[in-house]
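no FASTA, just this:
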């Protein structure tokens, strides 16, 4: 997930839960101005800070192998025209893994 996507997800989740910047900042253990900068994408944050923010708003920060990104994306996508396609192909170029 790109940084702008994660920033947008943080903001949307915070708003959906009707939380203020101050509430999230307090739960994450950071200052309100610092949280606003991170959510706006104008400041980078340490991984531990992102984990704390995510957990404060009911999300979990996870690392997954790049090869699994299509499967995760497919599982999060609502039903659409791609339902008949496999979510994950181990060897997309048809190469054997012998």
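Cool, got the structure. Small disclaimer: the values here were computed from a predicted structure and weren't measured.

after the longest helix along the chain comes which helix or strand?
Criterion DSSP state H: the longest helix present in the chain is helix 3-16. Toward the C-terminal end, the helix or strand that comes next after helix 3-16 (DSSP states H and E) is helix 21-28.

contacts for the next helix or strand after that next one next, please.
For helix 21-28, the following helix or strand on the C-terminal side (DSSP H and E) is helix 32-40. Residues outside helix 32-40 that contact it (Cβ atoms under 8 Å, 6 or more residues apart in numbering): 7, 10-11, 14, 21-22, 24-25, 28, 30, 43-45, 49-50, 53. (Each C-beta comes from the backbone N, C-alpha and C, glycine too.)

name the member of those residues with the most neighbours.
Within the contacts of helix 32-40, neighbour counts (other Cβ atoms under 10 Å) peak at residue 53, which reaches 26 neighbours.

what residues of the helix or strand hosting that one count as buried?
Assessed by DSSP H and E, residue 53 sits inside helix 47-56. Neighbour counts using 16 or more other Cβ atoms under 10 Å place 49, 50, 51, 52, 53, 54, 56 of helix 47-56 among the buried residues.

stretch 28-37 too?
In terms of neighbour count (16+ other Cβ under 10 Å), stretch 28-37 has its buried residues at 28, 30, 34, 35.

any idea which of the residues you listed is closest to residue 67?
residue 28 (31.2 Å; Cβ to Cβ).

is it true that that closest one touches residue 61?
No. Using Cβ atoms under 8 Å, residue 28 is not in contact with residue 61, being 11.9 Å away.

dihedrals phi and psi, residue 61?
With angles defined as degrees, to the nearest 10, residue 61 sits at phi -80, psi 120.
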